[in-house]
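Peer 1: Sequence below, structure please.
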Amino acid sequence: MPTDPDDMSAPITRGELREELAATKTELRAEFGAWLAAFEIRLEQRLEQRLEQKLEQKLEQKLEQKLEQKFDDKLGLWGGALLDRMDRLGRDLRSEMAELYRRLSAELASHTRASSEEARALMIVIDDKYQDLPERVKRLEEHVLPESEPKGPAGSRG
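Peer 2: Residues are numbered from 1 along each chain as shown. Predicted coordinates:
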């Protein structure tokens, strides 16, 4: 073997060339093997990372769909229950309002009858008080007015 491996002027034998090629081949295999191992590791890491991302996306999507479905189902149940309750409350309120209307109408009719009876009683008192008024006016006219003037309404006098 030559002393300086970079010296290209010295002749070499086939055996030396084979040895050098075998050593280079071994070095290349070792380097390529290391590079390939590193490449495989990086590739595996990237694949795992992508698979994890895809898996996470799919799981999130499935979870979101399930949660949306559960939410929609529960919302439907709650909405239906709320609507039923509102309908019941509406019917109860209408029923109570009808009952209140009936009671208030009866009470108003009662008060109206009482007021009417009270007014009638007051009118009777007034009528009784002035029932003999025509007779008293006649006596007053006879006493105050002379016989010569015609008796009758005030508008007939001249």
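Peer 1: rest of the way, CA atoms for contacts and neighbours
Peer 2: OK.
Peer 1: what's the spacing between the top helix by length along the chain and its chain's center?
Peer 2: Longest among the helix segments of the chain by residue count, using DSSP state H, is helix 14-129. Computed by Cα atoms, centre = their mean, to the nearest Å, the chain-centroid distance of helix 14-129 equals 12 Å.
Peer 1: That helix - contacts with which helices or strands?
Peer 2: Using 3 or more Cα pairs under 8 Å, 6 or more residues apart in numbering; DSSP states H and E as the contact test, no helix or strand touches helix 14-129.
Peer 1: Would you mind checking the average pLDDT for it?
Peer 2: For helix 14-129, mean pLDDT is 92.
Peer 1: just checking, next helix/strand downstream of it?
Peer 2: Using DSSP states H and E, the helix or strand that follows helix 14-129 in sequence is helix 133-144.
Peer 1: Buried ones in that next one, by neighbour count?
Peer 2: Using 16 or more other Cα atoms under 10 Å as the burial criterion, none of the residues of helix 133-144 qualify.
Peer 1: any idea how far that helix is from the chain center?
Peer 2: The answer for helix 133-144 is 84 Å, by Cα atoms, centre = their mean.
Peer 1: quick one: the most centrally placed residue in the chain and D92, what's the gap?
Peer 2: Among the residues of the chain, the one closest to the centroid is G79, at 9.5 Å (Cα atoms, centre = their mean). G79 sits 20 Å away from D92, taking Cα to Cα, to the nearest Å as the criterion.
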